[in-house]
Each structure stands twice: as C-alpha cells, then as structure tokens.
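Student: Sharing a model prediction with you, sequence too.
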Amino acid sequence: MSGQLDGRRALIVGGTAGIGLATARAMLAEGAEVVIAGRNRDRGARALAALAAPGAAFIAADAGKADDCATLVEQAVGTLGGIDVLMSCGGGDPMPRLLRDIPLPELMPQVSAALAPVITPARAVLPVMAMQGSGTILCVASDAGKLATPGEVTIGAAMAAIIMFCRAMANEVKRDGIRVNCLTPSIVEGTPLHDRLMDDSFAGRLFSKAKSRADLGVVRPEDLAAMAVFLASDQAARITGQTISVTGGISAI
C-alpha cells in the first residue's frame, strides 16, 4: 500500500459490515486510524475482530438520532484526537415496495429511516472539521436518487435528498477547507442488503434485471472502498460537491 492516508483520522458510520467495513479495512491499510460506528455492539466486536488492526476502534451509536451522533463525534475525537474523514453509510437496509403498498403512516418514517442516519453524522462532525480548518465528508446514497425506479419511491426520495444535501453542504463549507462528496452505487454484492434483496420476490426480480446490465461487473464493497480512499486522499484535494456513480455500468449518469 502507498500510505496515502498516513496520519488521517477516520470515523466510519455504518462501519460494521458491507461498504463501511470494506472502507475501514482499506483506510487502515493506507495508514489511517479508524473508528467504526454502528448500533449493534456484537456486530461491532465481530467487525473489530475481522479488521484485526491496532489502529481500529468501535463506538456504539444510532446515527439516526441527533444526541447519539453528537456523543459519537465527541467520543471519536477523544479516541482519535480529531476527525479528518467521515464516511457516512449507515442508512440501513431499505427494501423496495410499490408506493400503493406502503401504509400512509409508514411513508415518512421510511424516508427518514434511510435519510437521517447518513446526513445527521455529517452535520454533527461539522464543528470539529471547521475548527481544524480541514476535513473530508463522504456520504453513501444510491442511484435511486438519480433514476426513478418502480418500487423505490421512498428510497429514491431519501437518496435524492442525500445527494442534494452533499452538494449544498459542499458549497457552504468549502471556505472552511472541508470537502463533501457523495457515492451512489446500485446493487452491491457481498453485503447483507444484497442477500435480502435477492431473496425477496419483488426486489429480486428488480435487481436481477439491474445486475444483467452491469457489463463491467457487479460492484462489490471493495470498489466503493477504493473510491472512498481516493476521495479522502490528497489526490482528490480539488474535488468537492460531486456525486459519483459506482455501478459497473448499470447506469451512466
């Protein structure tokens, strides 16, 4: 490895599995110190064991709750001495459903459940990075925020909100030396969500068709991790406010 993240201090929300865990592994390999965060302590312990790295730590937190996020950031700063990189990918495992099949009382909670755990940590870490005069924020949404797809009305609404949040935040915080970018995969093999989607009768048909269009290969967590490492490195020092699709060719937007 090149050590391109030597000295960086990274907080990865949603870091106990899938994209977040792969990113933690990649950033550790590039020299970063890493705190992973998630709601489940047992999963956090398993993730730390899988990383098997002295530069890794776990903090339990619900990223969708403002108080939890504030405490998480405070504890991460105490552990790391600061936060140079936030990777926010704790949006859970939303399942596609046709809008007519979603009970009205569940509509907005479904949007919030996919949206809040990604954008709340970004707001929580802002004072720390602003005081440092530098920082990189990476949020994970999905291409459902760019393409209208049957069964992804609430998911798409939340993903589009994450995309615009990142663009608008990037515009506000660039004067503080902070960069904000958004990664938007489609289906990602090797994640718990992938298996749930493919086992579902409706979602399985939807995403089997999507996977057939991935002529460059279906994306895996390591593909997103590699992009995250690049965006957190000095090589991406002039890149902010961007939404980058990583889909293996399923979409070209």
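Tutor: Done, it's in. Numbers count the residues shown, from 1 in each chain.

Student: give me phi/psi at G135?
Tutor: Per-residue torsions, G135: phi 160, psi 160 (degrees, to the nearest 10).

Student: Helices of the stretch 1-150 of the chain, residue ranges please.
Tutor: 18-29, 41-51, 66-80, 104-132 (DSSP state H, counting those that start in this stretch).

Student: would you turn those into JSON lines with mean pLDDT, distance to Q235 and mean neighbour count?
Tutor: All C-beta atoms are positioned from the backbone trio N, CA, C, and that covers glycine. Converted to JSON lines, the helices of the stretch 1-150 of the chain look like this (pLDDT from 0 to 100; distance: least, C-beta to C-beta, whole Å; neighbours: other C-beta atoms under 10 Å):
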{"stretch": "helix 18-29", "mean pLDDT": "97", "distance to Q235": "14", "mean neighbour count": "24"}
{"stretch": "helix 41-51", "mean pLDDT": "95", "distance to Q235": "24", "mean neighbour count": "15"}
{"stretch": "helix 66-80", "mean pLDDT": "97", "distance to Q235": "22", "mean neighbour count": "18"}
{"stretch": "helix 104-132", "mean pLDDT": "96", "distance to Q235": "19", "mean neighbour count": "18"}
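
Student: Those helices: which one's closest to V229?
Tutor: V229 lies closest to helix 18-29 among these, at 5.1 Å (C-beta to C-beta).

Student: what angle do the closest one and helix 41-51 make?
Tutor: If you take axes from the mean of the first three to the mean of the last three C-alpha atoms, to 10 degrees, helix 18-29 sits at 40 degrees to helix 41-51.

Student: Take helix 18-29, keep the C-alpha atoms, and write them as PDB.
Tutor: Output in PDB follows, covering the C-alpha atoms of helix 18-29 (Å, rounded to 0.1, in the frame of the first residue of the first chain):
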ATOM      1  CA  GLY A  18     -20.600  -4.200   3.900                       C
ATOM      2  CA  ILE A  19     -19.300  -1.000   2.300                       C
ATOM      3  CA  GLY A  20     -18.400   0.600   5.700                       C
ATOM      4  CA  LEU A  21     -16.300  -2.400   6.900                       C
ATOM      5  CA  ALA A  22     -14.600  -2.700   3.500                       C
ATOM      6  CA  THR A  23     -13.800   1.100   3.700                       C
ATOM      7  CA  ALA A  24     -12.400   0.700   7.200                       C
ATOM      8  CA  ARG A  25     -10.100  -2.100   6.000                       C
ATOM      9  CA  ALA A  26      -8.900  -0.100   3.000                       C
ATOM     10  CA  MET A  27      -8.300   3.100   5.000                       C
ATOM     11  CA  LEU A  28      -6.400   1.200   7.700                       C
ATOM     12  CA  ALA A  29      -4.200  -0.400   5.000                       C
END
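
Student: For the helices of the stretch 1-150 of the chain, give me a markdown table that also has distance to A10.
Tutor: A markdown table is the format used below for those (distance: least, C-beta to C-beta, whole Å):
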| stretch | distance to A10 |
| --- | --- |
| helix 18-29 | 5 |
| helix 41-51 | 12 |
| helix 66-80 | 8 |
| helix 104-132 | 11 |
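
Student: Out of the ones you listed, which gets nearest to G177?
Tutor: Closest among the helices of the stretch 1-150 of the chain, once you apply C-beta to C-beta, is helix 104-132, at 7.8 Å.

Student: elements contacting that closest one?
Tutor: Counting contacts by 3 or more C-beta pairs under 8 Å, 6 or more residues apart in numbering; DSSP states H and E, helix 104-132 packs against strand 9-13, helix 66-80, strand 85-88, strand 135-140, helix 153-173, strand 178-185.

Student: Could you export these as JSON lines, including distance to I244?
Tutor: Listed next are these as JSON lines, based on distance: least, C-beta to C-beta, whole Å:
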{"stretch": "strand 9-13", "distance to I244": "18"}
{"stretch": "helix 66-80", "distance to I244": "24"}
{"stretch": "strand 85-88", "distance to I244": "14"}
{"stretch": "strand 135-140", "distance to I244": "10"}
{"stretch": "helix 153-173", "distance to I244": "10"}
{"stretch": "strand 178-185", "distance to I244": "6"}
